[in-house]
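Chemist: sequence-free structure coming up:
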């Protein structure tokens, strides 16, 4: 297996440890419609009792009309067919990957002294983690497998050194460890293998929000060879998350200067983030990077007519990134709006040239699924956990959710767990378990299953916190703000969970659901101008698809307010910014926890923030993002027209008054 396995990518607004190849997250809302729609054919609503359990099993007594019985049997057969179809069509890649993990685990357990078997298991686990974002289910196992492979390789290196053998000699006869980044594991030198393992292990730590551990792991590789640019650039990305901009700038500049083949173009994106945050930590500021960028872009654009399809994809993705850095430069530094817009358009033209077209029909179907399945009578009484441990944060991308989560996280009894949602990662299991149990018709069993599912989510939230907490820096400064007391609340900030409120409410009817709403054109412009990691948010880079995504978001939020009135607590971003002390107190009041003054010092807390808003949230409260879209108002007129009447939203903050 080659070392060029997928780097950490994310389909939400989370920066990836670089490099970040393109990946896709499967969507199966049609299966949701088929599965639960089938359940609704097997169960029928009680009439004239909206508050009672919404489904009753069809009587087991023989039906007076034989066609009714036939219909029930037919529905069961169709439901069986739905599941079979999903197994074949909907999730083949995921099932194949899980099968590979299972077989690799068995092979590794049969021979734990085989370093390649340990690596194979770890790599498959990491690939699943970065592709499906299942709340970190396999992260610890991957870390343990990588560490075991490292230990075996270190032992081999020690023996080679004792025998006077070179540890940097590959099977190909080369002694250039940095070049081995693209070698198969079996061809690497011992030093090259260690660098690959330390780097991959660092990327798992990154995905697990253990950024200091990630830096340590990358550093182990760099100490072997400081030209192993995958590790150097990845360490720079982690340093940005940690707010160590000087360290990040040093690493990323090293990559830019040394990457003669330009394999690691994400270094330019990272450097732009550093320059926006603290330009003074980079010698000579923007100028050296812009000079390199302009030459590189010209060279790439001269090659776009090449016939090699793989090369075309590489060029398109590279030009997407590089033009976007030029947009950032002109938008932030020169304030030349025309140049900024030119580069933004070129960036997205290249990006969308290699992305599958937006499937408007599928997205409309997803919305109709939610509205059809989750009607007012969907939720049975007395079902779901009584816990209020999870705090769910939902909203459109770039809505200000990171600011809200940081405010909550500053409370000593609340922990922000980032955007690798435990709930969302288990959604398939949750849905399938509920559907399967519902068909059986045993309400007691359904309640038991739902309670167990809820308990498993909260349990894994706690376990994830314990792991991250145990791997957080123990220096004196962090000790002062860190407590070993287990928190009583955990945030779950997967913004697109606004589609999943129905399941959230079923499992956690007492949990707080906070919806962050921002001025429509501000949030749409922010979503448009930001370059998200590859995946479902690619379509924010086109006016039509972005407008469709926003319309769907508004419609589904209105749906929840209609069928579950008062269930979602709305927080206007502008209210949060304009009255932080007042809104913060109301947010804490909504959690039913005691107020703590440390909440207002949220921006001073050192805990790393893994999101595109990393550099912004460290600044505390700022209002420059309000009405920012008006700088490009003329350019955005076609988008404004597509958004239509929804350019306005009179939604009010619905937090409790105090």
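Modeler: Nice, thanks for sending it over. Keep in mind that what you see is a predicted model, and the values were worked out from it rather than measured. Numbers count the residues shown, from 1 in each chain.

Chemist: which one is residue 400 nearest to, not counting chain neighbours?
Modeler: residue 573 (3.7 Å; CB to CB, 6 or more residues apart in numbering). The way it works is simple: take the backbone N, C-alpha and C, and place the C-beta from them, glycine included.

Chemist: and the one you found, how many neighbours does it have?
Modeler: By other CB atoms under 10 Å, the residues close to residue 573 number 24.

Chemist: swap in the one 4 residues further on?
Modeler: Here the neighbour count serves as a burial measure; for residue 577 (other CB under 10 Å) it reads 17.

Chemist: Contacts for the helix or strand hosting it, please.
Modeler: Using DSSP states H and E, residue 577 sits within helix 573-578. Residues external to helix 573-578 that are found in contact with it (CB atoms under 8 Å, 6 or more residues apart in numbering): 399-400, 403-404, 407, 516-519, 523, 583-584, 621-623, 626, 653.

Chemist: Do you have the strands of the protein handy? List them.
Modeler: 43-44, 56-57, 390-395, 414-416, 489-492, 512-517, 568-572 (DSSP state E).

Chemist: right, so of those strands, which gets closest to residue 379?
Modeler: Proximity to residue 379 (CB to CB) singles out strand 43-44 among those, at 12.7 Å.

Chemist: before we move on, back to that, out of the strands of the chain, nearest to residue 588?
Modeler: Closest to residue 588 of the strands of the chain is strand 414-416 (CB to CB; 8.5 Å).

Chemist: Work out the sheet partners of that closest one and label each with its direction, please.
Modeler: strand 489-492 (parallel) (DSSP bridges).

Chemist: What's the mean pLDDT across the partner strand?
Modeler: Averaging pLDDT along strand 489-492 yields 94.

Chemist: Could you tell me how many residues sit around residue 137?
Modeler: Neighbours of residue 137 under the rule other CB under 10 Å: 17.

Chemist: Correction: the previous question concerned residue 291.
Modeler: Residue 291 has 11 nearby residues by other CB under 10 Å.

Chemist: How about the contacts made by it?
Modeler: Counted by CB under 8 Å, 6+ apart, residue 291 has zero contacts.

Chemist: where along the stretch 551-658 of the chain do the helices fall?
Modeler: 573-578, 580-591, 614-617, 637-643 (DSSP state H, counting those that start in this stretch).

Chemist: Make CSV out of these and add mean pLDDT and distance to residue 550.
Modeler: Shown next, in CSV, are the helices of the stretch 551-658 of the chain (pLDDT from 0 to 100; distance: least, CB to CB, whole Å):
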stretch, mean pLDDT, distance to residue 550
helix 573-578, 94, 15
helix 580-591, 96, 24
helix 614-617, 52, 21
helix 637-643, 97, 6
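
Chemist: Identify whichever of the ones you listed lies nearest to residue 364.
Modeler: Here helix 637-643 is closest among the helices of the stretch 551-658 of the chain (CB to CB), at 15.2 Å.

Chemist: Who are the packing partners of the closest one?
Modeler: Here helix 637-643 touches helix 520-529, helix 543-563, going by 3 or more CB pairs under 8 Å, 6 or more residues apart in numbering; DSSP states H and E.

Chemist: Out of these, which is closest to residue 648?
Modeler: helix 520-529 (6.9 Å).

Chemist: Give me the mean pLDDT for that closest one.
Modeler: Mean pLDDT, helix 520-529: 97.

Chemist: What residues sit buried inside that helix?
Modeler: Of all the residues in helix 520-529, those buried under the rule 16 or more other CB atoms under 10 Å are 520, 521, 522, 523, 524, 525, 526, 527, 528, 529.

Chemist: And for stretch 550-570?
Modeler: Here stretch 550-570 shows 550-554, 556-557, 559-561, 563-564, 568-570 as buried, counting by 16+ other CB under 10 Å.

Chemist: got it, and stretch 149-160?
Modeler: 149, 150, 152, 153, 156, 157.

Chemist: Next one: the closest residue to the second one other than its chain neighbours relative to residue 302, how far apart?
Modeler: Taking CB to CB, 6+ apart as the measure, residue 150 lies nearest to residue 197, with 5.0 Å between them; neighbours along the chain are not counted. Distance of residue 197 to residue 302, computed by CB to CB, to the nearest Å: 38 Å.

Chemist: rewinding a little: can I get the strands of the chain in TSV with distance to residue 96?
Modeler: Shown next, in TSV, are the strands of the chain (distance: least, CB to CB, whole Å):
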stretch	distance to residue 96
strand 43-44	34
strand 56-57	36
strand 390-395	31
strand 414-416	34
strand 489-492	28
strand 512-517	35
strand 568-572	37
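
Chemist: nearest to residue 266, of those?
Modeler: strand 414-416 (25.4 Å).

Chemist: Which residues does that closest one contact?
Modeler: Applying CB under 8 Å, 6+ apart, the set of residues contacting strand 414-416 is 391, 405-406, 408-409, 465, 487-491, 493, 591, 593, 607.

Chemist: cool, stretch 587-596 as well?
Modeler: Where contact means CB under 8 Å, 6+ apart, the residues beyond stretch 587-596 that reach it are 388, 391, 404, 407-408, 411-414, 488-489, 512, 514, 569, 571, 585, 599, 655-656, 658.

Chemist: Going through the residues you listed, which ones are buried?
Modeler: With burial judged by 16+ other CB under 10 Å, the buried subset of these is 388, 391, 404, 407-408, 411-414, 488-489, 512, 514, 569, 571, 585, 599, 655.

Chemist: How about the contacts made by residue 216?
Modeler: Contacts of residue 216 by CB under 8 Å, 6+ apart are residue 202.

Chemist: To what extent is residue 345 buried, counted in neighbours?
Modeler: The burial count assigned to residue 345 is 13, neighbours taken as other CB under 10 Å.

Chemist: if I look at it, how far off is residue 543?
Modeler: Using CB to CB, we find residue 345 at a distance of 11 Å from residue 543.

Chemist: so where's the stretch 401-550 of the chain shaky on pLDDT?
Modeler: In the predicted model, the stretch 401-550 of the chain carries pLDDT under 70 at residues 472-484.

Chemist: quick one: the helices in it?
Modeler: Counting by DSSP H, counting those that start in this stretch, the helices of the stretch 401-550 of the chain are 401-409, 422-425, 427-440, 443-470, 476-481, 501-507, 520-529, 543-563.

Chemist: Give me the contacts around the last one.
Modeler: Contacts of helix 543-563 with the rest of the structure, by CB under 8 Å, 6+ apart, involve 358, 360, 363-364, 366-367, 370-371, 374-376, 378, 396, 498-499, 501-502, 515, 517, 520, 523-524, 527-528, 539-540, 567-568, 638-639, 642-643, 646, 649.

Chemist: Please compute how far it lies from its chain's middle.
Modeler: Averaging C-alpha positions (CA atoms, centre = their mean, to the nearest Å) puts helix 543-563 20 Å from its chain's average.

Chemist: cool, and the third one?
Modeler: Between the mean C-alpha point of helix 427-440 and the mean C-alpha point of its chain there is a distance of 24 Å (CA atoms, centre = their mean).

Chemist: by contact count, what packs against it?
Modeler: Against helix 427-440 (3+ CB pairs under 8 Å, 6+ apart) you get helix 29-42, helix 443-470, helix 501-507.

Chemist: Can you say which of those is packed in most?
Modeler: Of all the helices and strands packed on helix 427-440, helix 501-507 carries the top mean neighbour count, a mean of 23, counting by mean count of other CB atoms under 10 Å.

Chemist: helices or strands next to that one in the packing?
Modeler: Partner elements for helix 501-507 (3+ CB pairs under 8 Å, 6+ apart): helix 427-440, helix 443-470, strand 512-517, helix 543-563.
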